[in-house]
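> I'd like to go over a predicted model; first the sequence, then the structure.
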Amino acid sequence: MRAAASAPVPTGTPVARPRRPIAGRVALYAALAVAALFFITPLYIMTVTSLKSMDEIRQGGIFALPASPSLKAWTAAWSEACTGLKCTGISDGFFNSLRILVPSVALSIVLGAVTGYALSHRRIRGGNVLFAALLLGAFMPYQVFIYPLVRLFSAVGIYGSLAGIVLVHVIFGLPVMTLLFRNYYSSLPVDLFKAARVDGAGFWQIFFYVVLPMSTPALVVAAILQITGIWNDFILGLVFAGRDNLPMTVLLNNVVNSSQGEKLYNVNMAATILTALLPLAVYFLSGRWFVRGIAAGGVKG
Amino acid sequence: MAQSRRHDIAPLLALLPALLIVVFAYAGTMVWTVCISFTDSRLLPVSDFIGLEQYARLFSDARWILSARNLVTFGLLFVGGSLVIGFLLAAFIDQKVRCEDLLRTVFLYPYAISFIVTGLVWQWMMNPSLGIQASVRGMGWTSFTFDWVVQRDMAIYALVIAGVWQSSGLVMALMLAGLRGVDEDLWKAARIEGIPTWRVYMSIVLPLLRPVVVTSVVLLSVAVVKAYDLVVALTNGGPGNATIVPAKFVMDYLFTRQNIGLATAASSVMFVTVLAALAPWLYQEYFKAHRAGGHA
């Protein structure tokens, strides 16, 4: 995976390939078009459904464009959709997710950068063991940790609170963040650290004045990974956030899969798009950085 | 003197939070989970040791057996499907096609959104009375059926479709990066020899991309074992128990069915399975290589 991680951006001129006959090109483009259709269809259906009225939806024709597009379902999803008996829309979840997102992203990046730095160029006894344990944790299903963590958190009094869910995101974000920063810092020239040490800089001085100013690429990738990852989280929010802080994904699932009343598919789809909006925005704005994040997420540099 | 002492302590101080997390949140909780699985705990953990009884109960539980079977079915098809589609997409895009950026964006965007969103969209599209099935029937093809989400024996494949839709782009992106690293001379040589392009891909390029394939398989497999969100959103384990998976089995017994002993036994089995699958790979990938490569 080193090749992809060090040159993760598939840019540049594609390599010259054997020339293909016209029929082959046509088949190629046809295959790509079918694939593109498969991938784009759910987004299309979500969008058109959210713009239709329920009457129109009941007539069938899931692919049809809305006869008279309306944003009513969107406002309903935002401020009136019901989860159980509470009908205040998905907006609560949006703000809860934001309140969870900001501290979780900031803290997990800081901790990951410091840990990755400490594990990168310095030989620390047990450092490898610590790193291995972290990686192992990253691959384990949450079910292995959840129950004891719930008990621990209740004992300390942060179960079901904002502090609790933030701490959980920091805990489970640490492996990938450490991996990312450790690899990035390991790729910096050793002489840089040596020179700084000769000049008398200590551990933290090197970190703040030498390493951190050079960390922008790693920080961007880390932010993309954590923003999308934490926003898209469901299970941790469900278990640890508590009734008052449920993230948007949990509220969305409650809205759509609640069994009471008539199913308002247009409102459901509007709520679904609203929940997907932030990670989609990050994806479209970050472009090729997003691919770097993927490569860094499971891979060593 | 003071200076050099500070040098020793500072990195340890920096690693302290990570150490605490590993000791308490990872190792401690794992041990705790395994310990509870040897007790007769129901709503609350109790300490009466009953040996392997929970495990015996677990493996005679039809729901658990079905969970494990579903995991294998879903896992093989999801990983296999994402790999094949992802590789094909990457190979197609690599043929100097127009609109490369646009195509890449379209193939990868599902990976940015959550499994909950993915599950809910596909649930709506596969709705038998208003979704794709109804729509296609309305166009005149009246015998068309696409009602997998409500069919016991087909619902697991509905999960596979949604999963593959979400994750193929990941494989495509990783593979494409790998393909761009393939030496140009290889293609020239192949052209001179008159070897068909698909042969070059299958016999030369794919073996070259082995590390990318391994990474993809690892990332996808992690998603398989963790599969919970997608199941909850798309089928909620139904119809009946048809699409139950281990992660959902554990969550059900932890938080609604109040049988902590059985739940922790199940998560211990998950833990041991993942550990067994992972240990050789982790060792190979992160330790041997570093030693051989003389990591600074």
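On my side now, so go ahead. Numbering: from 1, shown residues only, chains lettered A, B, ... in the order given.

> which stretches of the stretch 1-150 of chain A aren't confidently modelled?
A:1-20, A:121-122 (pLDDT under 70).

> Helices of that one, start to end?
Listed from the start of the chain, the stretch 1-150 of chain A has helices (DSSP state H, counting those that start in this stretch) covering A:2-6, A:22-50, A:54-58, A:72-79, A:91-120, A:127-139, A:146-156.

> Over to residue B:43. Which of the three states is it?
Following DSSP: H, G, I helix; E, B strand; the rest coil, residue B:43 is assigned to coil.

> Might you report the residue contacts of residue 232?
All of this refers to chain A. A:249, A:279, B:113, B:114, B:115, B:116, B:117 (C-beta atoms under 8 Å, 6 or more residues apart in numbering or on different chains). (C-beta placed from N, C-alpha, C; glycine too.)

> wrong one, chain B
Contacts of residue B:232 (C-beta under 8 Å, 6+ apart): A:234, A:253, A:257, B:116, B:119, B:248.

> how close does the first one sit to chain B?
As judged by C-beta to the nearest C-beta, to the nearest Å, residue A:234 and chain B stand 4 Å apart.

> That residue: neighbouring residues, count only.
23 (other C-beta atoms under 10 Å in any protein chain shown).

> shouldn't it be in contact with residue B:117?
No: using C-beta atoms under 8 Å, residue A:234 makes no contact with residue B:117, being 9.9 Å away.

> Give me the common contacts of the two.
A:249, B:233.

> Poorly predicted segments of chain B, please.
B:1-7, B:282, B:285-296.

> Name the helix or strand for the residue nearest in space to the middle of it, please.
Chain B has residue B:223 as the residue nearest its centroid, 1.8 Å off, counting by C-alpha atoms, centre = their mean. Assigned by DSSP states H and E, residue B:223 belongs to helix B:210-226.

> which strands and helices sit next to that helix?
Packed against helix B:210-226, as judged by 3 or more C-beta pairs under 8 Å, 6 or more residues apart in numbering or on different chains; DSSP states H and E, are the following elements: helix A:2-6, helix B:62-93, helix B:155-179, helix B:246-255, helix B:260-282.

> Residue B:52 and residue B:34, how far apart?
12 Å (C-beta to C-beta, to the nearest Å).

> Quick check on the two: which one has the bigger neighbour count.
Neighbour count, other C-beta under 10 Å: between residue B:52 and residue B:34, residue B:34 has more, with 16 against 12.

> who touches the more buried one in this structure?
Contacts of residue B:34 (C-beta under 8 Å, 6+ apart): B:264, B:268, B:271.

> Now these in JSON lines, please, with extra columns for neighbour count and distance to residue B:17.
What follows is those, written out as JSON lines (neighbours: other C-beta atoms under 10 Å in any protein chain shown; distance: C-beta to C-beta, whole Å):
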{"residue": "B:264", "neighbour count": "30", "distance to residue B:17": "27"}
{"residue": "B:268", "neighbour count": "23", "distance to residue B:17": "27"}
{"residue": "B:271", "neighbour count": "20", "distance to residue B:17": "24"}
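
> Kindly identify which of the residues you listed also come near chain A.
Applying C-beta under 8 Å from any C-beta of the partner chain to the contacts of residue B:34, one finds that B:264, B:268, B:271 fall near chain A.

> which one of those is nearest chain A?
residue B:271 (4.6 Å; C-beta to the nearest C-beta).

> so where is the stretch 201-301 of chain A shaky, pLDDT-wise?
For the stretch 201-301 of chain A (pLDDT under 70), the answer is A:259, A:296-301.

> Run through the residues of it sitting next to chain B.
Checking the stretch 201-301 of chain A against chain B by C-beta under 8 Å from any C-beta, the hits are A:202-204, A:228, A:231-235, A:239, A:249, A:252-253, A:256-257, A:265, A:268-269, A:272, A:275-276, A:279-280, A:282-284, A:290-291, A:294-295, A:297-300.

> Filter those residues down to just the ones in helices.
Here DSSP state H is the test, and these give A:203-204, A:228, A:231-232, A:235, A:239, A:249, A:252-253, A:256-257, A:265, A:268-269, A:272, A:275-276, A:279-280, A:282-284, A:290-291, A:294-295, A:297 as lying in helices.

> measure the closest residue in space to residue B:108 that isn't next to it in sequence to residue A:194 for me?
By the measure of C-beta to C-beta, 6 or more residues apart in numbering or on different chains, the closest residue to residue B:108 outside its immediate chain neighbours is residue B:169, 3.7 Å from it. From residue B:169 across to residue A:194, the span is 42 Å (C-beta to C-beta).

> likewise residue A:85?
Applying C-beta to C-beta to residue A:85 and residue A:194 gives a distance of 65 Å.

> just to revisit the earlier point, give the next helix or strand downstream of the helix holding residue B:223.
According to DSSP H and E, the helix or strand after helix B:210-226 is helix B:229-234.

> tell me how far that following helix is from the chain's mean position?
With C-alpha atoms, centre = their mean, to the nearest Å as the basis, helix B:229-234 stands 14 Å off its chain's centre.

> in it, what's buried?
B:229, B:230, B:231, B:232, B:233, B:234 (16 or more other C-beta atoms under 10 Å in any protein chain shown).

> Kindly report the same for stretch A:181-191.
A:181, A:182, A:183, A:184, A:185, A:186.

> Help me confirm that the first one comes into contact with residue A:111.
No: here residue A:181 lies out of contact with residue A:111, judged by C-beta under 8 Å, at a distance of 9.7 Å.

> Contacts only, for the residue nearest to residue B:273 when sequence neighbours are not counted.
The shortest distance from residue B:273 to any non-neighbouring residue, by C-beta to C-beta, 6+ apart, is to residue B:225 (7.9 Å). Going by C-beta under 8 Å, 6+ apart, residue B:225 touches A:141, B:71, B:75, B:246, B:247, B:270, B:273, B:274.

> and the closest residue to residue B:246 other than its chain neighbours, how far is that from residue B:225?
Nearest non-adjacent residue to residue B:246, counting by C-beta to C-beta, 6+ apart: residue B:67, 4.7 Å away. Using C-beta to C-beta, residue B:67 is found at 12 Å from residue B:225.

> intersection of neighbour lists for these two?
residue B:246.

> hmm, back to that, okay, residue B:169 and residue A:194: which has more neighbours?
Neighbours were counted for residue B:169 and for residue A:194 using other C-beta under 10 Å; residue B:169 has more, 25 against 11.
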